[in-house]
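Q: the following comprises the amino acid sequence and a computationally predicted model.
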Amino acid sequence: MDHTNQINTKISIEKLGIILSPSKLGFENNGVLNPGIFQEGKEVHIFYRAVENGNYSTIGYAKTNEHLDLLERKTSPLITRDFEYEKIGVEDPRIVKIEDTFYLTYTAYDGINAMGALATSKDMKCFEKKGIITPPLNYKEYEYHLEYCNQDKLNPKYYHYYNLFAEIGVVDEKHRLLRDKDIVLFPKKIDNKFVMLHRIWPGIQIVKFDKWEDLTKEFWEDHIMNLTDHILMDPLYNFEVNYLGAGCPPIETEYGWLLIYHGVCETNIGKTYHAAAALLDIDDPTKVLGRLPYPLFSPSEKYEIEGVVNYVVFPTGTALFDDDLYIYYGAADKYIAVAKVSLKILITELLLNKV
């Protein structure tokens, strides 16, 4: 399958180019990518994954204005690797503010396990880590609970990693836990509950809860036993046929929640990561109203095609200036770039592509 098999010809996207590149500083000399974004008026706070040689990640900080001028960039990590569960990487942050608290979700990587973790702050300067928030289950436990699911509705790919690890003889390792990444919170509570997207490969699942303490092992066991009830989206179109994952925190509009996500397809050149878009019901975000049947944008520029990982655009945050939606994304796992689209045109097109 050629990676250009589905191209967006309907929505004008302006690629504004790279806004942050790796520097000579030790903590970010290999790549800067996949930023969490928080907009405060005309200022944009950027919490980015900083990668040093050896693929060790921390979170760096920068700030720009609406013209993408750099106002500030810290010369050391804002959030470091502090615990055993994140000893290799604090990766791919997303950030939202709910009531008076900032919630920064990220992937904690210990060299074997990649799991969702949480840190909170009142001021975006000091963050308190709350630990792992995704299922603390090994693959044997995952498979056991998945068997209770409605198998007629379940994409067989949900067994992929279990089958793979069984094949190579590591499925019995109790410390090899379920991979769960792309943890994205809605920026407000819905019906007084937190609403969170997460990615048990290959789809995007949605979960609601009253308080963080609710996310116990028993909670997640029940979630997986009923996983088909919690799958928001699975791969549907050619450009995302292999897997997808939540990207940016959903954006509240009068027509619904706008979700920018990533979709991946294996091609003759390897994997290609595309940016994609969907529209969710404003009152019940478990309902998908519309979904673009083609990528919103794809790797086309040299800085998206050639880098640490080639052919990658990985959207993780947005800022809105009037009708201009700025989408911040990791490019080829090396740079941070921005693409601009009309919010109105994007919503109109999603409403034309009901699912």
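A: Looks like it arrived, so ask away. Numbers count the residues shown, from 1 in each chain.

Q: let me see the mean pLDDT of stretch 299-308.
A: What stretch 299-308 shows for mean pLDDT is 97.

Q: chain center to that stretch: distance?
A: 19 Å (Cα atoms, centre = their mean, to the nearest Å).

Q: got the CA positions of it in PDB?
A: Coordinates of each C-alpha in stretch 299-308 appear next as PDB, following Å, rounded to 0.1, in the frame of the first residue of the first chain:
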ATOM      1  CA  PRO A 299       4.000  13.600   6.400                       C
ATOM      2  CA  SER A 300       5.000  15.600   3.300                       C
ATOM      3  CA  GLU A 301       7.700  18.000   4.400                       C
ATOM      4  CA  LYS A 302      11.300  16.900   4.700                       C
ATOM      5  CA  TYR A 303      11.300  17.500   8.500                       C
ATOM      6  CA  GLU A 304       8.300  15.100   8.800                       C
ATOM      7  CA  ILE A 305       9.700  12.400   6.500                       C
ATOM      8  CA  GLU A 306      13.300  12.300   7.700                       C
ATOM      9  CA  GLY A 307      14.300  12.300  11.400                       C
ATOM     10  CA  VAL A 308      14.600   9.800  14.300                       C
END
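
Q: first-to-last residue distance for stretch 155-162?
A: Start-to-end span of stretch 155-162 (Cα to Cα, to the nearest Å) is 14 Å.

Q: starting at the chain centroid, how far to stretch 167-175?
A: For stretch 167-175, the distance to the chain centre is 27 Å (Cα atoms, centre = their mean).

Q: how about that stretch: buried residues?
A: For stretch 167-175, burial by neighbour count (16 or more other Cβ atoms under 10 Å) applies to Val171. All C-beta atoms are positioned from the backbone trio N, CA, C, and that covers glycine.

Q: and if you look at stretch 309-325?
A: 309-319, 325.

Q: stretch 28-35 too?
A: 28, 30-35.

Q: need the residues that contact it.
A: With Cβ atoms under 8 Å, 6 or more residues apart in numbering as the test, stretch 28-35 has contacts from 20-23, 46-53, 55, 60, 91-93, 307-308, 314, 316-317, 328-331, 333-336.

Q: rerun at 6 Å
A: 20, 22, 46, 48-53, 60, 92, 308, 314, 316-317, 328, 330, 333-334, 336 (Cβ atoms under 6 Å, 6 or more residues apart in numbering).

Q: looking at those residues, which are in strands?
A: 20, 46, 48-52, 60, 92, 314, 316-317, 328, 330, 336 (DSSP state E).

Q: coming back round to it: which one of the buried residues of stretch 309-325 is nearest Asp222?
A: Thr316 (29.2 Å; Cβ to Cβ).

Q: let me see the contact set for that closest one.
A: 34-35, 94, 247.

Q: so Leu16, which state does it fall into?
A: strand (DSSP: H, G, I helix; E, B strand; the rest coil).

Q: what pLDDT does the model give it?
A: The model's pLDDT for Leu16 equals 98.

Q: before we move on, what about Asn268?
A: Confidence score, pLDDT, at Asn268: 82.

Q: how many residues are close by it?
A: 7 (other Cβ atoms under 10 Å).

Q: again with Ile13
A: There are 17 residues near Ile13, going by other Cβ under 10 Å.

Q: that one contacts Ala337, doesn't it?
A: No. Contact criterion Cβ atoms under 6 Å: Ile13 and Ala337 do not qualify, at 11.8 Å.

Q: hang on, the earlier thing: would you list the buried residues of stretch 28-35 in JSON lines and tack on distance to Val170 and secondary structure?
A: Shown next, in JSON lines, are these (distance: Cβ to Cβ, whole Å; DSSP: H, G, I helix; E, B strand; the rest coil):
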{"residue": "Glu28", "distance to Val170": "32", "secondary structure": "helix"}
{"residue": "Asn30", "distance to Val170": "28", "secondary structure": "coil"}
{"residue": "Gly31", "distance to Val170": "28", "secondary structure": "strand"}
{"residue": "Val32", "distance to Val170": "32", "secondary structure": "strand"}
{"residue": "Leu33", "distance to Val170": "28", "secondary structure": "strand"}
{"residue": "Asn34", "distance to Val170": "27", "secondary structure": "strand"}
{"residue": "Pro35", "distance to Val170": "33", "secondary structure": "strand"}
